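1. pasting the structure only:
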């Protein structure tokens, strides 16, 4: 999930920083693969493959707005 989504879903009176922090902590608690905390072997292999393959890394960066 992108930080802008967390900010747009912030509770009334919740700052943008607090909303993004809350989102990150929720993702960590859920062991979300996007924050690198999923130890499922298939997830680890997929992540390693993407990181070690330049064209896949470039496409992943584009897909997730990190380019």
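-> Received, thanks. Because the structure is a prediction, the values reported are computed rather than measured.
2. for residue 26, give its distance to residue 2.
-> Separation of residue 26 from residue 2 (C-beta to C-beta, to the nearest Å) stands at 14 Å. (Glycine included, C-beta is placed from N, CA and C.)
3. run a quick neighbour tally on the closest residue to residue 14 other than its chain neighbours.
-> Excluding its sequence neighbours, the residue lying closest to residue 14 (C-beta to C-beta, 6 or more residues apart in numbering) is residue 22, at 7.6 Å. Residue 22 has 15 neighbouring residues, counting by other C-beta atoms under 10 Å.
4. just checking, residue 22 touches residue 7?
-> No - contact criterion C-beta atoms under 8 Å: residue 22 and residue 7 do not qualify, at 10.6 Å.
5. dump the residue contacts of residue 11.
-> Taking C-beta atoms under 8 Å, 6 or more residues apart in numbering, we find residue 11 in contact with residue 19.
6. can you tell me how far residue 55 is from residue 29?
-> Distance, residue 55 to residue 29, by C-beta to C-beta: 33 Å.
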